[in-house]
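Participant: Just a sequence and a predicted model for now, questions to come.
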Amino acid sequence: MEDYKVDFGPQIICNIIDENSGLLGYIVIDSTVDGHSCGGLRMLPDVSISELQSLARVMTLKFGFLGMNEGGAKAGIVADPSMPQGEKLALLKTFAEIASPLLKTRTYVPASDMGTTNQEIRYMLESIGSKAPHDKVEKKGNGEFYVALSVLAGVEAAARHMNLDLSQSTLAIEGFGKVGSSVAKVFSQQKGTRVVAVSTVKGAIYDPDGLDVNKLIQIKNKVGEDVVKVYGKAKTIEKSELLNLDVDILSPCARHYSINLNNVDKIKAKIISAGANIPVTREAGRVLWRKGKLYLPDFVTNCGGILGNNMERAGLNVKFIENFIIQEIGKKISEIIGVSAEKNMSPYEFAEMEAEKKVSRIKARSKQTTAKSSLFNIGLKVYKKNLVPKCLAKVYAPRYFRARLS
């Protein structure tokens, strides 16, 4: 399979190895701002350096798009996340001990990802005497909801461009985990979109008349990935078939590169708006564009989690954040669709180019030594340490986040 293009080599690739515990892990830092980077730590049996390189690059683009003073990174542990909890925590502790020079200096700031939870990341950091980042925000657990909102914002923008009525549209979701189930709930409840297919690692189900999203979520909360086996009253299909269904909207919320040169010609969906990172390889993305399919840049459509959590941290309420993501991210995606069409470029390539420009400006600004830039950097560091009074942060936060997006 063709690989995703990584335009610039990562700054750091670390192998994290401990023979006694059988630990094999990696940390990939694609970029830093003021010596810091951020990105999820995943635990999967087949995680690889090449995967983490591409994902770390996407984190750079995502932070760049949002205008955030963060570098992009990603880490992984090669292991089965369903192992006994005691063994898992021991493995994470060993990982942290070996990686402590990067973790304690916040050269790399980890977050939860596939196979890890906020609580596990917090335990891992506390085991080496380091405080978990954004601790207050992570306890609220709204990240997946915010991701779903940015996925919706992308689809709404694309639907306006294509004159598509979302209340009369069909949606297939690859990966019915925390993000995928949130996407299903948001689309069905807010837009009346018919969710006709979902998949997990255990298989996929399809009903052209629409699946009962509330029932799906209730079952998923009880049996997890087996929801596709327990649901009933729907046709069982192969996981790969879901991508090829004749639907209006496809939302990949699973692993990377699920759409590639081997299956891209079978994609029938008009709009692809992802909750997952890099679900489409670069070459497949170009094929979709040539075929007139609107594949929206994934680092934009799934940016809601980072944006929403940061807005929560600034004291803004969930309803305000919801409206902000729908309106402001939707506006940016509309611009991406319109300008990329004028430039005869795919939306992904145009958004990538613009994000890279913002990354360069952010890095240059972080190195400035003017009184204004120094004051801004001090204020940002104080804010990140939760030392700014919530009442003060709440007043200036909306203006700050709009300015970062511009």
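Facilitator: Received the coordinates, thanks.
Participant: Residue 221 - how many residues pack around it?
Facilitator: Using other C-beta atoms under 10 Å, residue 221 is surrounded by 10 other residues. From N, CA and C alone the C-beta is placed, and that goes for glycine too.
Participant: Could you look up the SS state of it?
Facilitator: Three-state call for residue 221 (DSSP: H, G, I helix; E, B strand; the rest coil): helix.
Participant: And residue 293, its phi and psi?
Facilitator: Backbone torsions of residue 293, given as degrees, to the nearest 10, read phi -90, psi 140.
Participant: and the residue nearest to residue 325 when sequence neighbours are not counted, what does it touch?
Facilitator: Nearest in space to residue 325, with sequence neighbours left out and distances taken as C-beta to C-beta, 6 or more residues apart in numbering, is residue 149 at 4.4 Å. Counting by C-beta atoms under 8 Å, 6 or more residues apart in numbering, residue 149 touches 186, 304, 308, 322, 325, 326, 329.
Participant: Nearest residue to the first one in space, please, no chain neighbours.
Facilitator: I take that to be residue 186. Excluding the flanking residues, the one nearest residue 186 by C-beta to C-beta, 6+ apart is residue 148, at 4.2 Å.
Participant: looking at it, the one you found is touching residue 190, isn't it?
Facilitator: No: Residue 148 lies out of contact with residue 190 (C-beta atoms under 8 Å); the separation is 9.5 Å.
Participant: Which strands and helices lie in contact with the helix or strand that contains residue 352?
Facilitator: Element membership for residue 352 (DSSP states H and E) is helix 347-366. In terms of contacts (3 or more C-beta pairs under 8 Å, 6 or more residues apart in numbering; DSSP states H and E), helix 347-366 is packed against helix 49-66, helix 282-290, strand 294-295, helix 298-301, helix 330-342.
Participant: On the pLDDT front, check the most centrally placed residue in the chain for me.
Facilitator: For the chain, the residue nearest the mean C-alpha position is residue 302 (4.5 Å; C-alpha atoms, centre = their mean). Here the pLDDT value assigned to residue 302 is 97.
Participant: What distance do you get for it to residue 342?
Facilitator: To residue 342, residue 302 is 25 Å away according to C-beta to C-beta, to the nearest Å.
Participant: Residue 239 now?
Facilitator: The spacing between residue 239 and residue 342, counted by C-beta to C-beta, is 38 Å.
Participant: Equivalent analysis for residue 354, please.
Facilitator: To residue 342, residue 354 is 13 Å away according to C-beta to C-beta.
Participant: now swap in residue 25 and tell me
Facilitator: Using C-beta to C-beta, residue 25 is found at 44 Å from residue 342.
Participant: So between the two, which is more surrounded?
Facilitator: Taking other C-beta under 10 Å, residue 25 and residue 342 do not tie; residue 25 has more neighbours (25 against 8).
Participant: Provide the secondary structure category for the more buried one.
Facilitator: Recorded secondary structure, residue 25: strand (three-state DSSP).
Participant: Surely it is in contact with residue 74?
Facilitator: No: Residue 25 lies out of contact with residue 74 (C-beta under 8 Å); the separation is 11.4 Å.
Participant: can you tell me which residues contact the residue lying closest to residue 304 once chain neighbours are set aside?
Facilitator: Excluding the flanking residues, the one nearest residue 304 by C-beta to C-beta, 6+ apart is residue 150, at 3.1 Å. For residue 150, the contact set (C-beta under 8 Å, 6+ apart) comprises 300, 301, 302, 303, 304, 305, 307, 325, 329.
Participant: Tell me which helix or strand residue 150 sits in.
Facilitator: Per DSSP H and E: residue 150 is located in helix 143-162.
Participant: ok now that helix, how far from the chain's centre?
Facilitator: 13 Å (C-alpha atoms, centre = their mean, to the nearest Å).
Participant: same check, this time on stretch 250-264
Facilitator: Its chain's C-alpha centre and that of stretch 250-264 lie 15 Å apart, by C-alpha atoms, centre = their mean.
Participant: ditto for stretch 47-60
Facilitator: Offset of stretch 47-60 from its chain centre (C-alpha atoms, centre = their mean): 12 Å.
Participant: Repeat that for stretch 215-234.
Facilitator: Counting by C-alpha atoms, centre = their mean, stretch 215-234 is centred 24 Å from the centre of its parent chain.
Participant: If you count neighbours, what's buried in that stretch?
Facilitator: Within stretch 215-234, the residues scored as buried using 16 or more other C-beta atoms under 10 Å are 216, 217, 219, 220, 227, 228, 231, 234.
Participant: Check which helix or strand the first one maps to.
Facilitator: In the assignment (DSSP H and E), residue 216 maps to helix 213-223.
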